[in-house]
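K.L.:
need a structure here:
(one chain, ligands or ions: 1)
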Amino acid sequence: MSGLEPFGARLRRAMDERGPLCVGIDPHASLLAEWGLNDDVAGLERFSRTVVEAVADRVAVLKPQSAFFERFGSRGVAVLEQSVAEARAAGALVVMDAKRGDIGSTMAAYAESFLHKDAPLFSDALTVSPYLGYGSLSPAVALARESGAGLFVLALTSNPEGGEVQHAVRSDGRNVGATMLAHLAAENAGEEPLGSFGAVVGATLGDLSTYDLDINGPLLAPGIGAQGATPADLPRVFGAAVRNVVPNVSRGVLRHGPDTVALRDAADRFAEEIRHTVAPS
Ligand SMILES: O=c1ccn([C@@H]2O[C@H](COP(=O)(O)O)[C@@H](O)[C@H]2O)c(=O)[nH]1
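P.N.:
Predicted coordinates:
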């Protein structure tokens, strides 16, 4: 299977050209209502199409949250397929936020669903959960390499409950989140300009200087906007690794819809704030 150029290289270029902002497509029932849309497949389709039309030609990454599409069954998944295709056609990279994770043999099927180049839901990258053991992700790592896709592994999540698992200390003295970061650094060793195997690290987490975030791969940073973090927090949280951070904003942008100009302006404001804090001129 001849794949795309590696995800890390494509992402680095997109971040350099468009800035690193990732806008989420999260069609919450409450947002559909605020936009004057019905909580049905037609409302879902209108919502997703509007977000893609508003921002897919200007942000590096769009991140559809699969849960909000799966809620509507097969017709919701059809809308998700269409949104992925339209976003990619407009030049955005798509990170599918489906947080898949299972024993290796089943993980292989999840990987086929999102990372095989001919899959209807093929995405540039997929969020995955390593909490059945990092090694259980091997089939997804292998297929991502073959297809030129990437993964974002949940390492230090933005929610307050995450620490119960991710801060647990192993017998070697390292905590679980740090162990995931170390696995990713090994995966990305020697890759230029950037590896394809990223970590999810919440922007809400405060000072992370005790962690080695230098994984030579992207750090997807949710938590800005509705969860309380701001672009100004990024240098303090990520230190020198801020250069590889892909900050995600979902509700913080989406609440400005359904007007496409207002959505675009909101994304532009976040992008500008991020540019100022990440690479101040
Ligand atoms: O640690 C994590 C991992 C994923 N997410 C997802 O990101 C968005 C955040 O949405 P906001 O509206 O900007 O809060 C959402 O899809 C989450 O499932 C996360 O928040 N934290």
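
K.L.:
where in this structure is pLDDT low?
P.N.:
1-2, 280-281 (pLDDT under 70).

K.L.:
then stretch 38-58 to CSV, C-alphas only?
P.N.:
Extracted C-alpha coordinates of stretch 38-58, given in CSV (Å, rounded to 0.1, in the frame of the first residue of the first chain):
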residue,chain,number,x,y,z
ASN,A,38,-33.2,20.3,15.5
ASP,A,39,-31.5,17.5,17.4
ASP,A,40,-31.6,15.2,14.4
VAL,A,41,-29.5,14.1,11.4
ALA,A,42,-30.5,17.1,9.4
GLY,A,43,-29.4,19.4,12.2
LEU,A,44,-26.2,17.5,12.6
GLU,A,45,-25.4,17.8,8.9
ARG,A,46,-26.1,21.5,8.8
PHE,A,47,-24.0,22.1,11.9
SER,A,48,-21.0,20.1,10.6
ARG,A,49,-21.1,21.5,7.1
THR,A,50,-21.3,25.1,8.5
VAL,A,51,-18.2,24.5,10.7
VAL,A,52,-16.3,23.0,7.7
GLU,A,53,-17.3,25.8,5.4
ALA,A,54,-16.3,28.5,8.0
VAL,A,55,-12.8,27.3,9.0
ALA,A,56,-11.5,24.3,7.0
ASP,A,57,-9.7,26.6,4.5
ARG,A,58,-7.8,28.4,7.3
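
K.L.:
hmm, it in reach of the ligand?
P.N.:
No. Stretch 38-58 is not in contact with the ligand by Cβ under 6 Å from any ligand atom; minimum separation 12.4 Å. C-beta coordinates here come from the backbone N, C-alpha and C atoms, glycine included.

K.L.:
again with stretch 134-151
P.N.:
No. Stretch 134-151 stays clear of the ligand (Cβ under 6 Å from any ligand atom), getting no nearer than 13.4 Å.

K.L.:
likewise stretch 239-251?
P.N.:
Yes. Contact of stretch 239-251 with the ligand (Cβ under 6 Å from any ligand atom) involves N248, V249, S250, R251.

K.L.:
Same question for stretch 263-276.
P.N.:
No. If you take Cβ under 6 Å from any ligand atom as the test, stretch 263-276 misses the ligand, and the best it gets is 10.4 Å.

K.L.:
Now do the buried residues in that stretch.
P.N.:
L263, R264, A266, A267, D268, F270, A271, E273, I274 (16 or more other Cβ atoms under 10 Å).

K.L.:
Next: stretch 140-150.
P.N.:
Those would be A140, V141, L143, A144, R145, S147, G148, A149, G150, for stretch 140-150 by 16+ other Cβ under 10 Å.

K.L.:
Same question for stretch 174-184.
P.N.:
N175, V176, G177, A178, T179, M180, L181, A182, H183, L184.

K.L.:
Work out the gap between that stretch and the centre of the chain.
P.N.:
19 Å (Cα atoms, centre = their mean, to the nearest Å).

K.L.:
Touching it from outside, list them.
P.N.:
130, 134, 153-156, 165-170, 195, 197-199, 211-213, 215, 217 (Cβ atoms under 8 Å, 6 or more residues apart in numbering).

K.L.:
could you redo the last one with a cut-off of 7 Å?
P.N.:
130, 134, 153, 155-156, 165-170, 197, 199, 211-213, 215, 217 (Cβ atoms under 7 Å, 6 or more residues apart in numbering).

K.L.:
What parts of the stretch 51-200 of the chain come near the ligand?
P.N.:
For the stretch 51-200 of the chain, the contact set with the ligand under Cβ under 6 Å from any ligand atom comprises Q65, D97, T157, S158, N159, V200.

K.L.:
For the closest residue to the fifth one other than its chain neighbours, give me its contacts.
P.N.:
Residue nearest to N159 in three dimensions, not counting chain neighbours: G202, with 7.3 Å by Cβ to Cβ, 6 or more residues apart in numbering. Listed by Cβ under 7 Å, 6+ apart, the contact set of G202 reads L156, T157, S158, A221, P222, G223.
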